[in-house]
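K.L.:
return atomic coordinates for the entry below.
(2 chains)
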Amino acid sequence: MEGAVVLLDFWPSMFGMRTRVALAEKQIKYEYKEEDLRNKSELLLQMNPVHKKIPVLIHNGKPVCESLIQVQYIDEVWNDRAPLLPANPYKRATARFWADFIDKKLYDIGTRIWKTKGEEQETAKKEYIECLKLLEGELGDKAYFGGDNFGYLDVALIPFYCWFYAYEQCGNFSIEAECPKLIAWAKRCMQKESVAKSLPDQQKIYEFLLQMKKAFGIE
Amino acid sequence: MAAVKLLGTWRSPYCFKVIWALKLKGIPYEYIEEDVFDKSPLLLQYNQIHKKVPVLVHDGKPICESTIILLYIEETWPQNPLLPIDPYERAVALFWIKYADDKTQSIPKIYRTTGEEQEQAVKECSEMLETVEQHGLIEGKKFFGGDEINMVDIAFCMVAHWLGVLEEVAGIKMFEPHKFPKLHSWAQNFKSVPVIKENLPDDERMFAWLKHRREMLLAPKSN
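P.N.:
Coordinates of the predicted model:
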């Protein structure tokens, strides 16, 4: 597990946040490199030639791409502390299923909330809440998705929390009103130092989103 | 009662991925053919979120999504490993498996569309093939992981087998040996593996079904 760790990232990225949280949970020292996505570095293009995307985790000079793959890699290499994936294969499959569900749904639907208006936006809001309610169902009465301990699925989902305020402002709705248990879970996660220091302030995310809307020509 | 059951359909590469993994590891299972146009209560109960095949049921507990099923099989029955043991090499394998899962979805679009839509699908497919040819396969290696078949090869099965028959049905030629020599060579190696060779959908039946399906999808809508 020795060796330099570098993270190529972009501060508002929910996917980059997953890796930041995993690294923080394991208390791994690393160098954070902010990428300008309109002017990608040679290093990024070299380390992720297929997708040219962040986050890229570089360990001992070798790149690992895709946030969930990075979280699993970090868990396997630094396996002597703060386990993230459950030990039981069926529980691992369940965690992966819901992380896959998050990846298939939340980002795209969330994007539609801020990119559209009127009926399209209403549909996007409804779909987003439906997804969150399904996740609430999976959480049940547990403190974390991982059970008593913060784990892989918590890491996969918590970054989306810092974007909720921005979506709520754009869509004029309250996620907490519809999904109180999920928000309670999120606040519980935010009590953890690894999460608090890895997620940007929700107001900053909202300001970033307003800039993006301007750039896309959306009021 | 079989401990392992697989709900699937004879046409689906996703289902074959699971069949191959079970057979490569020597795991006995009961196969249940599903009519995806008339889904059984069992399927709807086991996969409430996506309502799709394949579903693996182990000791009564369902696992959904083919790659997640394969990872479950790998972790539950470690014999004849289908993933590298080294964490870095495993991360690279998982990267290509995800790439295959995301990008091979453009392959069926080729036979489901015409005109501009089809051109777009062909373009996406070609880009995917070029990327794999350039970055995924290593000169001289029989398979993605070396001398033995593994989960990455299985993930790209649509390229090895289904792409050919889809091209025929759609009347397109894209996956040509001179353009993609490494991929072509890999596809032949893949289909020569006994477990794969002996477990593929019947070519004629597949062609007939896809041709019929294409006609139905592209039929002009009646007034």
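K.L.:
using the three-state scheme, assign residue A:208.
P.N.:
Three-state assignment for residue A:208 (DSSP: H, G, I helix; E, B strand; the rest coil): helix.
K.L.:
from what I can see residue A:198 touches residue A:16, true?
P.N.:
No. Using Cβ atoms under 8 Å, residue A:198 is not in contact with residue A:16; the gap is 9.0 Å. All C-beta atoms are positioned from the backbone trio N, CA, C, and that covers glycine.
K.L.:
neighbours of residue B:137, how many?
P.N.:
Applying other Cβ atoms under 10 Å in any protein chain shown, we find 20 residues neighbouring residue B:137.
K.L.:
ok, residue A:198 and residue A:16, which is more surrounded?
P.N.:
A count of neighbours by other Cβ under 10 Å puts residue A:16 above the other of residue A:198 and residue A:16, at 26 against 22.
K.L.:
is it true that residue B:57 touches residue B:4?
P.N.:
Yes. In this structure, residue B:57 is within contact of residue B:4 by Cβ under 8 Å, at 7.2 Å.
K.L.:
could you list the domains of chain B?
P.N.:
B:4-76, B:87-218 (automatic domain parsing).
K.L.:
now do the first one: distance to the chain's middle.
P.N.:
The chain centre lies 13 Å from the centre of domain B:4-76; the measure is Cα atoms, centre = their mean, to the nearest Å.
K.L.:
of the domains of chain B, which is nearest residue A:33?
P.N.:
If you check each of the domains of chain B against residue A:33 by Cβ to Cβ, domain B:87-218 wins as the nearest, at 19.4 Å.
K.L.:
endpoints of the closest one, how far apart?
P.N.:
For domain B:87-218, the first-to-last residue distance is 46 Å (Cα to Cα, to the nearest Å).
K.L.:
that one and chain A in contact?
P.N.:
Yes. Contact of domain B:87-218 with chain A (Cβ under 8 Å from any Cβ of the partner chain) involves B:87-88, B:90-92, B:94-95, B:98-99, B:131, B:135.
K.L.:
can you turn the buried part of those residues into a ChimeraX selection?
P.N.:
Selection of buried members from the residues of domain B:87-218 next to chain A for ChimeraX, criterion 16 or more other Cβ atoms under 10 Å in any protein chain shown:
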select /B:87,88,90,91,92,94,95,98,99
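K.L.:
now, among the residues of domain B:87-218 next to chain A, which is nearest to residue A:132?
P.N.:
Closest to residue A:132 out of these is residue B:98 (24.1 Å), distances taken as Cβ to Cβ.
K.L.:
quick check: buried residues in the lowest-mean-pLDDT helix or strand in chain B?
P.N.:
The helix or strand of chain B with the poorest confidence is helix B:41-46; it has a mean of 90 (mean pLDDT, DSSP states H and E). Of the residues in helix B:41-46, B:43, B:46 count as buried by neighbour count, 16+ other Cβ under 10 Å.
K.L.:
residue B:145 is in contact with residue B:93, isn't it?
P.N.:
Yes. Between residue B:145 and residue B:93 there is a contact under Cβ under 8 Å: 6.6 Å.
K.L.:
tell me, what's touching these two both at once?
P.N.:
The contact sets of residue B:145 and residue B:93 overlap at B:84, B:152 (Cβ atoms under 8 Å, 6 or more residues apart in numbering or on different chains).
K.L.:
pLDDT weak spots in chain B?
P.N.:
Where chain B drops to pLDDT under 70, the residues are B:1-2, B:222-223.
K.L.:
helix or strand next in line after the longest helix seen in chain A, which one?
P.N.:
Ranked by number of residues, the top helix in chain A under DSSP state H is helix A:89-115. Downstream of helix A:89-115, the first helix or strand assigned by DSSP states H and E is helix A:118-139.
K.L.:
where in chain A is pLDDT low?
P.N.:
Short version for chain A, where the test is pLDDT under 70: A:1-2.
K.L.:
show me how it divides into domains.
P.N.:
According to automatic domain parsing, the ranges for chain A are A:5-77, A:89-215.
K.L.:
what parts of chain A come near chain B?
P.N.:
A:49-50, A:59, A:62, A:64-66, A:69-70, A:72-73, A:76-77, A:89-90, A:92-93, A:96-97, A:100-101, A:134.
K.L.:
go with 7 Å
P.N.:
A:49-50, A:62, A:64-66, A:69, A:73, A:76-77, A:89-90, A:92-93, A:96-97, A:100-101, A:134 (Cβ under 7 Å from any Cβ of the partner chain).
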